[in-house]
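Trainee: What follows is a predicted structure for the sequence shown.
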Amino acid sequence: MMSYFNSDQRKGLIGSALLSLMILAIVGAYYIWGETYHARILYATFVNLLVVVGLQVFTGNANITGFSHAAFMGVAAYVAAICVTPAAMKMISLPDAPWGLNTFELSALASATIAL
């Protein structure tokens, strides 16, 4: 019988599947027993995991050392934070914001879409 994957590819797929199941188990445990403090830690952990995996894929596979993707992520984080902040708070804390950024407020999903 012919296999589509060699042994290294099979090990990689099994490892990826196990890691995905572990992450889903952690998220499921949070939704069952978690509190808001745990949610903040979980979100920060997943954001850091995303940054580290992105850096490893970029520098490990391409053998290019550069931090431009980190700069793009930083800009996206600031844009998302500014868009989600309530308009009244922005009028006080960012009175001179360019392009009318202090006059509107978006939902978290809309600002995440803009940040991407």
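Mentor: All right, it came through fine. Predicted model only: the values in this text are computed from it and were never measured.
Trainee: Break the protein down into its structural domains.
Mentor: Following automatic domain parsing, one gets these domains for the chain: 7-65, 67-116.
Trainee: average pLDDT across the longest one?
Mentor: Translated: domain 7-65. For domain 7-65, the mean pLDDT works out to 81.
Trainee: what's the spacing between it and its chain's center?
Mentor: Remark: domain 7-65 is offset 10 Å from the chain centroid, using CA atoms, centre = their mean, to the nearest Å.
Trainee: Ok, stretch 106-116 next?
Mentor: That offset, for stretch 106-116, works out to 12 Å (CA atoms, centre = their mean).
Trainee: which SSE is the residue nearest to Gly34 when sequence neighbours are not counted in?
Mentor: In space, and not counting its chain neighbours, Gly34 is closest to Leu42: 7.3 Å by CB to CB, 6 or more residues apart in numbering. (Each C-beta comes from the backbone N, C-alpha and C, glycine too.) When elements are assigned from DSSP states H and E, Leu42 belongs to helix 36-56.
Trainee: Skip ahead from that helix and say which helix or strand is next.
Mentor: Per DSSP H and E, the first helix or strand lying C-terminal to helix 36-56 is helix 62.
Trainee: Appreciated, that's everything.
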